[in-house]
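> Quick one, what's the 3D model for this:
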Amino acid sequence: MRSVSAVLACGFIMLTSAASADSRVFIIANQADAYGVDQCLAKGDKCGAHAARFYCQSRDFAGATSYRRVDPEEITGTVPKGENCNHAGCTEYVAITCQR
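Numbers count the residues shown, from 1 in each chain. As a prediction, the model looks like this:
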């Protein structure tokens with residue numbers, strides 16, 4: 001009986017490890033809109049959950065596990081300094097973690 005329990009426990013651990021490994025973080029430019037969705041995403045507020053979920057689903061993921069504002073300094077080598085600002089202001093970036 002103990003060996004069956006041990007095998008089931010190992011199988012469960014392997015399944016949960018595989019499931020948690022199937023996620024991806026997307027860094028996107030947070031575009032200002034008239035509805036405030038950009039601020040919901042950037043602040044991690046509950047009102048951004050639908051936008052994050054739909055973003056993930058549009059990329060064949062089941063949903064979003066988290067979303068938050070990202071400082072350009074956190075993004076390695078992809079955001080040229082000083083080039084992310086224009087007459088409308090500076091671009092903010094959001095990290096959305098998608099899960100399968």
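
> Contacts for the one helix or strand residue 64 maps to, please.
Using DSSP states H and E, residue 64 sits in strand 63-70. Applying CB atoms under 8 Å, 6 or more residues apart in numbering, the contact partners of strand 63-70 are 23, 27, 30, 41-44, 48-49, 52-53, 55-57, 92-99. Heads up, the C-betas are built off the backbone N, CA and C, glycines and all.

> just checking, which of these belong to helices?
41-43, 49, 52-53, 55-57 (DSSP state H).

> From those, list just the buried residues.
Buried subset of these (neighbour count, 16 or more other CB atoms under 10 Å): 41-42, 52-53, 55-56.

> Report how many residues lie close to the residue lying closest to residue 39 once chain neighbours are set aside.
Nearest non-adjacent residue to residue 39, counting by CB to CB, 6 or more residues apart in numbering: residue 45, 7.4 Å away. Per other CB atoms under 10 Å, the neighbour tally for residue 45 reads 13.

> Repeat that for the one 3 residues further on.
Counted by other CB under 10 Å, the residues lying close to residue 48 total 24.

> ditto for residue 27
15.

> The strand holding residue 64 pairs with which strands, and in what direction?
strand 92-99 (antiparallel) (DSSP bridges).
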